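# fold the following, please.
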Amino acid sequence: MYMRVLTVISGISVALALVGPSSSQADLQIAQFSGDANKPKRHFRVRNSAALSPEEAQKIYSGLRDKMAGLYRISNHPVAKQFLNWRKYNTSPYISATHGKRYLNNYANKKAHAYGKYENAGRLPVGSIIAKDSFSVTEDGKVNYGPLFIMEKMKKGFNYVTADWRYIMIMPDGSLMGETKGIDAQKVKYCIGCHLAKERHDHLYFLPKKFRVKAK
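So this is what the prediction gives:
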């Protein structure tokens, strides 16, 4: 599949080449990573990520969203089938250095409604789910579908180190990259170490303040 999307970056109209769906291998080809690909130490990092305005990022995402969601659903994971019906907590896609310089959107289910209080959210209850779909745009105009990142709060005792969060990554071809205490758990182990830095906020990172939907 190949298409071109006309947008404006830094005042210049450019045709963005949309490459997708990306497989795990294709994602590796556009990324740099630390450590073994089967046991990475961080998210695969996009090379030459383009800086977009909120309006540019939103325009691109609007054209990708439904197609990406359809590809995630190939996994048959229930979150992949539901997350677009949940509340979105960002006003437009934002670039996340901790997710390999991809553009992200933050969705959360009803159980996780306190997520909208951000740093004042406290410990989220069992059943809370945070889902982040992603895409990348490079300086030469290539747009790539990115993974769906999922955090699910499990029952007490699931994993003391993660504060009972389960980390799941679904690749943009619908394949499962890894799942905490599940298939290929070693491939998402680095998520645990990264989120430990936010232990006082229930292991949650929050999006930049200028992109936040106002807390209710």
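# enumerate every residue touching Val213.
By Cβ atoms under 8 Å, 6 or more residues apart in numbering, the contact set of Val213 is Arg87, Lys88, Tyr89, Asn90, Thr91, Gly116. For the C-beta atoms, the positions are set from N, CA and C on the backbone; glycine is no exception.
# roughly how far does the last one sit from Lys181?
When you say that, I think you mean Gly116. Gly116 sits 28 Å away from Lys181, taking Cβ to Cβ, to the nearest Å as the criterion.
# who has more neighbours, these two?
The residue with more neighbours, out of Gly116 and Lys181, is Gly116; 17 against 11, by other Cβ atoms under 10 Å.
# chain neighbours aside, what residue packs nearest to that one?
With Cβ to Cβ, 6 or more residues apart in numbering as the criterion, Gly116 has its nearest non-adjacent residue at 4.7 Å, and that residue is Ala215.
# thought the one you found was touching Tyr115?
No - if you go by Cβ atoms under 8 Å, Ala215 and Tyr115 don't touch, sitting 9.3 Å apart.
# so between the two, which is more surrounded?
A count of neighbours by other Cβ under 10 Å puts Tyr115 above the other of Ala215 and Tyr115, at 22 against 12.
# and the strands in this protein?
With DSSP state E, the ranges of strands along the chain come out as 2-9, 12-19, 31-32, 45-46, 87-88, 94-96, 102-108, 129-137, 142-145, 148-153, 165-170, 176-179.
# what's the fifth one packed up against?
For strand 87-88, the packing partners by 3 or more Cβ pairs under 8 Å, 6 or more residues apart in numbering; DSSP states H and E come out as strand 102-108.
# can you list the strands that the strand it packs on pairs with?
Applying DSSP bridges, strand 102-108 is found paired with strand 87-88 (antiparallel), strand 94-96 (antiparallel), strand 129-137 (antiparallel).
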